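# need a structure here:
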Amino acid sequence: MPAPGRRRIGIVGFWHETNTFSAAPTTIDQFRDFELATGSDVAEHNLDVGSVIGGFLDAAEFDLVPVFSAGAWPSGPIEEQTMAELFDRAHGELARAGALDGVLLNLHGAMVAEGYDDAEVTAVQTVRDVVGDLPIAGVLDLHANPSPALIDSVDALVSYDTYPHVDMRERGREAAGLLGTVLSGTSLRTQIRKVPLLVAPIAQATDHDPMRALQRRANARAQQAGLHRVCVVGGFAYSDVTRAGMSVLAIHDDEHAAAAAEVLQETIADIEAHAADFVVARDDPATAVRRAAASTRSPVILVDVADNVGGGTPGDGTALLTELLRAGMRGAVVPIVDPQVARLAEELGEGAQIETLVGGKTDDRHGPPVPIRGRVLRVTDGRYRTSGPWMTGREFSMGTTAVIEAEGIQILVMADRTPAFHAEQFTSQGIDPARARAIVVKGAIAWRGALGDIAGEVIEVAGPGITPVDVHDLPRSTTPVPF
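Just a heads-up that it's a prediction; the model follows:
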């Protein structure tokens with residue numbers, strides 16, 4: 001029974017970053033693999049974990065009611081049937097949860113589903129269909145593409161401040177605090193402005209300019225204007241939707257609505273004035289590997305930007321593996337997703353010789369399969385628990401995982417796509433990243449939270465793939481619009 005006078009607050013989550021250029025749709029199985037939980041299982045997955053919902057669960061001032069959470073690794077558009085099933089489940093669980101006083105909502109902001117104009121708006125509508133006009137506060141990813149309709153559907157919405165995303169739990173706590181403010185009688189609203197500027201993630205690191213300086217200036221404006229919060233949202237250029245682009249959110253009470261509009265206008269003008277600072281160009285794979293081979297600062301981190309698993313790619317890109325083999329760069333480590341090869345290595349067993357084609361099997365946009373001949377060093381179930389800053393404390397799985405040595409290069413072959421968010425991706429498989437000559441990471445910026453402290457030299461690579469350095473290389477069918 002809830003304590004007298006304490007508010008019953010529901011917790012609901014729909015979390016997916018959708019790369020609409022992916023050839024692989026997102027199915028219900030991918031949610032089951034990452035997080036598809038109801039009731040107490042939502043808390044079990046997130047309690048004392050560095051996730052947004054972990055932050056919600058820290059809100060001791062409420063009687064918290066974990067209701068429903070669905071999340072999957074970034075990938076292609078969510079199948080219509082899968083999305084409908086998730087909404088139906090959330091609706092039913094909310095109905096069973098009983099009377100609530102408010103809702104805390106974990107969203108991504110760049111979720112796209114077949115058959116839905118704006119899946120996140122439908123997510124909020126699903127919640128409101130059960131709870132009505134109760135206060136809702138939520139959290140978005142820094143790579144969100146939120147629409148005005150989404151902003152209008154909730155009371156307060158904040159985004160992560162950091163990239164790498166190391167403040168998820170803090171933002172969950174913050175949203176809970178904002179909800180408490182509303183429940184205490186202060187009306188809060190969120191306003192949004194957007195510029196249709198498409199930015200590659202490698203230009204969005206919040207420890208570096210231009211994002212660092214933009215955030216600092218925006219926060220100074222918000223503080224001077226008396227706002228509760230301002231968020232500079234980098235956007236997700238790999239979603240082919242008109243709402244893509246960089247946006248700014250301002251949370252304010254009723255008397256500061258005009259001041260919030262002014263802060264938004266000034267911050268949008270600031271972004272536009274620095275648009276050129278977000279333009280990036282990087283070396284091709286052959287040039288990058290030549291640089292890595294000549295480097296005296298180990299380990300060299302070769303960032304395979306265009307095959308960024310954290311941005312929805314298949315993770316089986318072979319451009320850098322091809323060049324490393326060609327260069328004979330012994331001591332390099334290359335992760336690659338290939339369930340067929342992982343299973344073959346498992347069948348052959350540790351110590352066995354293996355000859356096969358690895359990678360390049362999902363589509364024709366990330367390089368062809370590469371012939372390798374080598375030895376199976378290790379085979380595991382791919383499970384690990386992270387102590388790193390991204391979702392600290394949670395267990396992850398790469399599926400059946402094999403370490404294969406071929407021509408002095410260690411290839412970390414995973415059955416399941418797993419982003420380069422954790423050092424344990426390597427250490428759990430007996431690989432010491434600090435002792436490698438070079439490490440390929442299939443990411444953009446988030447890998448820095450895992451390996452940034454040991455990097456000798458960082459070389460970001462403009463290879464083939466659906467998360468390219470030049471975001472304008474993608475065949476867009478829509479034109480982002482301002483609002």
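
# In three-state terms, label residue 455 for me.
Assigned state for residue 455: coil (three-state reduction, DSSP: H, G, I helix; E, B strand; the rest coil).

# Find the residue closest to it in space, skipping its chain neighbours.
residue 301 (4.7 Å; CB to CB, 6 or more residues apart in numbering). (Each C-beta comes from the backbone N, C-alpha and C, glycine too.)

# do residue 129 as well
In space, residue 129 is closest to residue 91, 6.5 Å off (CB to CB, 6+ apart).

# Mind pulling up the pLDDT for the one you found?
Note for residue 91: predicted pLDDT of 98.

# Beta-bridge partners for residue 458, please?
Beta bridges link residue 458 to residue 301, judged by DSSP bridges.

# Double-check it against residue 297; I have them as touching.
No. Using CB atoms under 8 Å, residue 458 is not in contact with residue 297; the gap is 9.6 Å.

# Buried by neighbour count: which residues of the helix or strand containing residue 67 qualify?
Secondary structure here is read from DSSP states H and E; on that basis residue 67 sits in strand 63-71. Buried positions in strand 63-71, judged by neighbour count with 16 or more other CB atoms under 10 Å: 64-71.

# which outside residues touch it?
Contacts with strand 63-71, where a contact means CB atoms under 8 Å, 6 or more residues apart in numbering, come from 2-3, 6-16, 31, 34-43, 45-46, 53, 56-57, 86, 89-90, 93-94, 97-98, 100, 106.

# From the residues you listed, which land in strands?
Counted as lying in strands by DSSP state E, out of the contacts of strand 63-71, are 8-15, 35-38, 106.

# Quick one: residues contacting the residue nearest to residue 455.
438-439, 441, 447, 451, 455-459.

# Repeat the analysis, applying 6 Å as the threshold.
439, 455, 458 (CB atoms under 6 Å, 6 or more residues apart in numbering).

# Any figure for the gap between the nearest residue to residue 263 once chain neighbours are set aside and residue 16?
Leaving aside its chain neighbours, residue 263 sits nearest to residue 221 (4.7 Å; criterion: CB to CB, 6+ apart). Computed as CB to CB, to the nearest Å, the residue 221 to residue 16 distance reads 32 Å.

# Who has more neighbours out of those two?
Remark: of residue 221 and residue 16, residue 16 carries more neighbours, 29 against 18, as counted by other CB atoms under 10 Å.

# Could you list which residues are in contact with the nearest residue to that one once chain neighbours are set aside?
Leaving aside its chain neighbours, residue 16 sits nearest to residue 111 (4.6 Å; criterion: CB to CB, 6+ apart). The contact partners of residue 111, by CB under 6 Å, 6+ apart, come to 16, 18, 119-120.

# check which helix or strand covers the residue lying closest to residue 461 once chain neighbours are set aside.
Nearest residue to residue 461 in three dimensions, chain neighbours excluded: residue 288, at 4.4 Å (CB to CB, 6+ apart). Taking DSSP H and E as the criterion, residue 288 maps to helix 285-294.

# what does that helix contact?
300, 302, 319-320, 323-324, 327, 329, 438, 459, 461, 463.

# Residues touching stretch 77-89, excluding its own?
Here stretch 77-89 has contacts from 18, 20, 25-28, 70, 112-115, 126, using CB under 6 Å, 6+ apart.

# still on that earlier bit, doesn't the residue nearest to residue 263 fall inside a helix?
Yes. Using three-state DSSP, the secondary structure at residue 221 is a helix.

# what about residue 175, how many neighbours?
Using other CB under 10 Å, the number of residues around residue 175 comes to 27.

# Am I right that it sits in a helix?
Yes. Read with three-state DSSP, residue 175 is one of the residues of a helix.
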